[in-house]
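In: Sharing a sequence plus its predicted fold:
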Amino acid sequence: MTGHSPFAHPLEAAFAEVLDELRIGWRYEPRTFVLDRSEDGHVTEAFTPDFFLPDLDFYIECTAMRQSLTRPKRRKVERARRLHGLSVEILGRDDAQRLASRWNLPALSKALAGPP
C-alpha cells in the first residue's frame, strides 16, 4: 500500500519523528493566521506554521532552505508574532543539522542529505 505523506518536505517528516520519539505532542499545520487583507477584505498574505506543540502553546516553522534565502519566511514569522502574539520559531537547515549532530538524530540527518 502506498501512502501520501502529509508533509511538504522530508525535514518536516523527520522532525515529526523526533517529536514522537521525545513524546512531545504535536499537530501539523493546524491553523492559518491572516497577516494582511486587501481593502475589500480578501486575504492577501497568510502564515501557516508547520507544527503546533499544544502542551507548550508553541509553533515551529521548518525550512530546509539555506539561511540566506529565508528572509520572506522570517518576515512572516515576525508579523505573526506581532499581529497574533504567537510563540513561533523557525527550525532552519543549520539548526536541524546541529540538532542531528548533537543529539544523534539520524532521521534529521537523512532528511537534510538531499539538495536544499
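Out: Here it is on my side, so go on. Everything quoted here is computed from the prediction, not taken from an experiment. Residues are numbered from 1 along each chain as shown.

In: going forward, measure contacts between C-alpha atoms and count neighbours the same way
Out: OK.

In: Let me see the contact set for the spatially most central residue of the chain.
Out: For the chain, the residue sitting closest to the mean C-alpha position, by C-alpha atoms, centre = their mean, is E61 at 2.1 Å. Remark: with contacts taken as C-alpha atoms under 8 Å, 6 or more residues apart in numbering, E61 is in contact with 49-51, 88-91.

In: Likewise for L35?
Out: Under the criterion of C-alpha under 8 Å, 6+ apart, the contact list for L35 reads 43-47, 76, 79-80, 83.

In: Could you pick out which of those are located in helices?
Out: Per DSSP state H, helices hold the following members of these: 76, 79-80, 83.

In: Leaving out chain neighbours, which residue sits closest to T63?
Out: Once its chain neighbours are removed from consideration, T63 has its nearest residue in G92; the separation is 5.0 Å (C-alpha to C-alpha, 6 or more residues apart in numbering).

In: Pretty sure A64 is one of the things that neighbour touches, is it not?
Out: Yes - using C-alpha atoms under 8 Å, G92 is in contact with A64, at 6.0 Å.

In: before we move on, the earlier item: out of the contacts of L35, grab the one that's most surrounded.
Out: Tallying neighbours with other C-alpha atoms under 10 Å puts A80 at the head of these, with 21 neighbours.

In: hmm, which helix or strand of the chain has the shakiest average pLDDT?
Out: The element with the least model confidence among the helices and strands of the chain, by mean pLDDT, DSSP states H and E, is helix 106-112, at a mean of 84.

In: can you give me how far that helix is from the chain middle?
Out: When C-alpha coordinates are averaged (C-alpha atoms, centre = their mean, to the nearest Å), helix 106-112 and its chain have centres 15 Å apart.

In: Which parts of this protein are helices?
Out: Taking DSSP H as the test, the helices found in the chain are 10-21, 71-84, 93-102, 106-112.
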